[in-house]
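Undergrad: What follows is a predicted protein model with its sequence.
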Amino acid sequence: MRYVFYDDFKPGLVKNDTIVDISDELGVKPYQTPQMIVEKFIKEYEKLKPALEKALKEKKGTPIKDVRLRQPVPKPGLFLCGIGGFGEGEGRKRPLNFFLKAWTTIIGPGDTVVLPKAKARIYEHEAELAVIIGKHTQNVSEKEALDSIFGYTMLIDVSGRGVPDAGGFWPQKSFDTFGPMGPVLVTKDEIPDPYSLGIKLWVDGVLRQNYNTDDMSHDLGAKISFLSDICTLSPGDVMACGTNHHGLGPMQDGEKVTIEIGQIGTMSVQVKDPYKREWDIAENIRP
């Protein structure tokens, strides 16, 4: 199934080119936050599945073009991002490593990445596959870890390089709006092979990143097992898989950035820089 939030964070499922409201099926209450709602969808998915399938079959949907899609996981307890996750066509296999990214970075389709006043050397895009955790996971083997995957979504991991007086990844990756996510949460049964997904990113229609998940340095089981030995993962947590750095380049005021991952979809965001900084594109695209 393809889960979304839309408009004022109503829960829905994608049905062709429409969205079917599943508020009733999830028993949404006024006091529930969007994160509570998506976590209920995740935790009770198997029990809810017959009712959800019935809703998809019988309910009339609202055209996607008439709604505002939102980020499918608005406030994960843990937002973990991989470092150096791909071989990059050179057989690289760095040790497993992750950093915490603030959930306050998360925005959705059509939203705006706002570059902060921090005098970074450059602000770059990173197109990534993200895994949504489906159950409490602690100290599991690589094989067991695969059972913890609930589904997948897309992430643009916006990065400030060389931010003055900012050691480590967290402060350079965690400015507000630096985590565009969406447009859907796709359950894992819809993507039987997560190692054959094409990932692309365009800036103002010009293709910059173009790689495949078949080049992942460590498989998903290894990543989740590694993390579960450090901290307990919970339903609704997000694990981003890192990026292939070929084609990374600047994000600048007024640009439109679009990410696409096969079997998940396409999402665009705008870029705003109140300080109107400019980076020479030809000189700053990574080969």
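TA: Right, received. Where do you want to start?
Undergrad: all helices of the chain, in order?
TA: Assigned by DSSP state H, the helices in the chain fall at 23-26, 34-43, 45-58, 142-145, 170-173, 220-228, 281-284.
Undergrad: between the ones you listed, which gets nearest to residue 119?
TA: Checking the helices of the chain against residue 119 by CB to CB gives helix 170-173 as the closest, at 12.1 Å. (Each C-beta comes from the backbone N, C-alpha and C, glycine too.)
Undergrad: ok, residues contacting that closest one?
TA: Residues from elsewhere that reach helix 170-173, judged by CB atoms under 8 Å, 6 or more residues apart in numbering: 81, 99-102, 105, 120, 157-161, 163, 166.
Undergrad: what about 7 Å?
TA: 81, 99, 100, 101, 157, 159, 160, 161, 163, 166 (CB atoms under 7 Å, 6 or more residues apart in numbering).
Undergrad: Check the burial of residue 255 by counting its neighbours.
TA: By the criterion of other CB atoms under 10 Å, residue 255 has 18 neighbours.
Undergrad: whoops, residue 89 was the one
TA: Residue 89 has 10 nearby residues by other CB under 10 Å.
Undergrad: Give me the distance between the nearest residue to it once chain neighbours are set aside and residue 246.
TA: Of all residues not flanking residue 89 in the chain, residue 215 sits nearest, at 6.7 Å (CB to CB, 6 or more residues apart in numbering). Distance, residue 215 to residue 246, by CB to CB, to the nearest Å: 10 Å.
Undergrad: Could you tell me which residues touch both of the two?
TA: Shared contacts of residue 215 and residue 246, counting by CB under 7 Å, 6+ apart, come down to residue 88.
Undergrad: And the residue nearest to residue 89, how far from residue 186?
TA: In this view, residue 215 and residue 186 are 21 Å apart by CB to CB.
Undergrad: In terms of packing, which of those two has more residues around it?
TA: Taking other CB under 10 Å, residue 215 and residue 186 do not tie; residue 186 has more neighbours (22 against 17).
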